[in-house]
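Sequence unavailable; structure follows:
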């Protein structure tokens with residue numbers, strides 16, 4: 001029978017190993033893993049139940065099928081209690097055996113995939129927690145130690161937070177650190193960039209919409225408030241939203257209630273708000289572009305992230321951190337930075353802040369011919385003379401006022417782009433322009 005079962009299973013393209021007793025089964029399973037063991041029930045001196053117990057103790061991932069000619073209910077119940085995957089009574093056909101074995105192997109594969117997925121999710125969760133456990137907020141300067149302390153204290157409550165800082169300083173990292181240190185760490189962290197969307201699109205993104213609410217709304221869509229329920233909603237560039245949108249946002253934050261666009265049902269959520277901006281919201285209030293009631297609703301805990309030029313003592317530590325990460329990401333272990341590089345990086349003003357530093361390090365690592373970074377790899381940091389604005393009367397007399405003003409506008413756009421590290425969205429905000437308007441001017445002055 002053993003030889004017949006072996007033949008049936010091998011025809012099914014399975015890798016099969018056969019032994020002649022329970023004693024041999026004990027020995028071989030100590031040294032070799034198996035997906036499935038098929039054992040007779042009545043054997044001597046070690047019967048099938050003993051084989052099953054041994055497998056359960058030493059290889060719990062292995063499934064066991066017991067075969068017996070003594071098919072009593074008591075034997076079947078005991079076998080199943082001990083964890084048998086199946087119980088077959090003699091006589092049985094080759095087709096029956098094949099079907100049962102295929103089913104068990106398929107279920108075993110599904111369990112394995114689920115386990116691997118669970119382990120992967122756990123790994124990613126731990127990686128995320130490690131990443132935002134101040135892992136990427138690098139620094140030991142007094143200003144950064146204050147930030148770390150504020151993050152810890154902010155995480156202890158559900159109060160709204162506004163993170164202030166120039167573009168590239170790491171405001172989103174601070175927001176994520178607050179979330180992952182809070183009691184909501186296992187709940188969603190949902191982000192929306194308020195500056196990247198028109199008012200209509202922003203309303204739909206925040207609150208969702210019902211099917212047919214507007215042209216193109218072919219299905220009901222949940223908004224970010226709804227997706228962030230029980231978790232945290234990160235409103236990036238909060239200072240750029242319109243006054244009309246501010247009214248709707250205030251109500252949603254204050255009441256924790258809203259309606260989807262085109263909907264009539266009021267939805268309730270439990271969502272913590274963390275906002276970020278590179279604007280001075282108090283100045284925006286004075287100019288009438290930001291509502292006072294929304295400001296005080298959001299600005300419960302203000303966090304000011306300093307620009308890199310105000311914490312230059314952190315630059316060497318940041319450089320080492322980025323280099324180690326890029327060694328791993330690009331498969332270039334053992335990168336060495338010569339002594340002259342650090343003073344060069346510290347002397348630079350970093351208008352694009354930490355993001356610019358990261359990009360500069362990445363460019364140097366990618367373009368280097370070996371694992372040694374020298375001052376030559378950072379020659380692009382040589383400070384350029386400040387742009388002068390053509391505002392002398394003689395120039396205006398020669399060019400005319402319109403052309404002179406265009407020269408000024410072009411120079412200011414170039415300065416903004418340089419300060420933003422080439423980022424058009426950031427440059428547009430500095431100039432008070434819409435991204436589309438800046439794009440037009442870049443084409444006009446052939447700066448693209």
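All right, it came through fine. Owing to the predicted nature of the structure, the values given are computational and were not obtained by experimental measurement. Numbers count the residues shown, from 1 in each chain.

rest of the way, CA atoms for contacts and neighbours
Will do.

Show the residue spans covered by the strands in the protein.
36-40, 63-68, 86-89, 161-164, 189-193, 208-209, 221-222, 232-236, 257-259, 266-268, 272-277, 301-304, 336-337, 372-373 (DSSP state E).

deepest of these, which one?
Comparing the strands of the chain by mean neighbour count (mean count of other C-alpha atoms under 10 Å), strand 232-236 comes out on top with a mean of 25.

Could I get the average pLDDT for that one?
What strand 232-236 shows for mean pLDDT is 96.

That strand packs against which elements?
The helices and strands touching strand 232-236, judged by 3 or more C-alpha pairs under 8 Å, 6 or more residues apart in numbering; DSSP states H and E, are helix 171-180, strand 189-193, strand 272-277.

Output those as TSV; include the columns mean pLDDT.
Compiled in TSV, those are given as follows (pLDDT from 0 to 100):
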stretch	mean pLDDT
helix 171-180	93
strand 189-193	94
strand 272-277	96
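
Any chance of these in TSV with distance to residue 13 as columns?
Formatted as TSV, the helices and strands packed on strand 232-236 follow (distance: least, C-alpha to C-alpha, whole Å):
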stretch	distance to residue 13
helix 171-180	49
strand 189-193	47
strand 272-277	56
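
quick one, which of the ones you listed is nearest to residue 283?
Distance to residue 283, taken as C-alpha to C-alpha, is lowest for strand 272-277 among the helices and strands packed on strand 232-236, at 12.6 Å.

Within its sheet, name the partner strands of that closest one and how each one runs.
Sheet partners assigned to strand 272-277 using DSSP bridges are listed as strand 161-164 (parallel), strand 232-236 (parallel).

Is it possible to get TSV of the ones you listed that adds distance to residue 52?
Listed next are the strands paired with strand 272-277 as TSV, based on distance: least, C-alpha to C-alpha, whole Å:
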stretch	distance to residue 52
strand 161-164	58
strand 232-236	49
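
So for residue 295, which of the ones you listed sits nearest?
The nearest among the strands paired with strand 272-277, by C-alpha to C-alpha, is strand 161-164 at 9.3 Å.

Now that closest one: average pLDDT?
Strand 161-164 carries an average pLDDT of 96.

follow-up on the earlier one: looking at the helices and strands packed on strand 232-236, which is nearest to residue 350?
Among the helices and strands packed on strand 232-236, helix 171-180 sits nearest to residue 350 (C-alpha to C-alpha), with 16.3 Å.

which helices and strands does that closest one pack with?
Judged by 3+ C-alpha pairs under 8 Å, 6+ apart, the packing partners of helix 171-180 are helix 142-155, strand 161-164, strand 232-236, strand 272-277.

The stretch 301-448 of the chain: helices as residue ranges?
Assigned by DSSP state H, counting those that start in this stretch, the helices in the stretch 301-448 of the chain fall at 315-329, 341-347, 353-367, 393-399, 401-419, 424-431, 435-444.

on that earlier part again, with residue 96 as the reference, name the closest of the strands paired with strand 272-277.
For these, the distance to residue 96 is smallest for strand 232-236, at 53.9 Å, taking C-alpha to C-alpha.

For the closest one, which outside residues touch it?
172, 175, 179, 184, 187-195, 224-225, 271-277 (C-alpha atoms under 8 Å, 6 or more residues apart in numbering).

rerun that using 6 Å as the cut-off
189, 190, 191, 192, 193, 194, 271, 272, 273, 274, 275, 276 (C-alpha atoms under 6 Å, 6 or more residues apart in numbering).

Name whatever forms a beta bridge with residue 232.
Going by DSSP bridges, residue 232 forms beta bridges with residue 189, residue 272.

I'd like the distance between it and residue 188.
Noted for residue 232: a distance of 6 Å to residue 188, by C-alpha to C-alpha, to the nearest Å.
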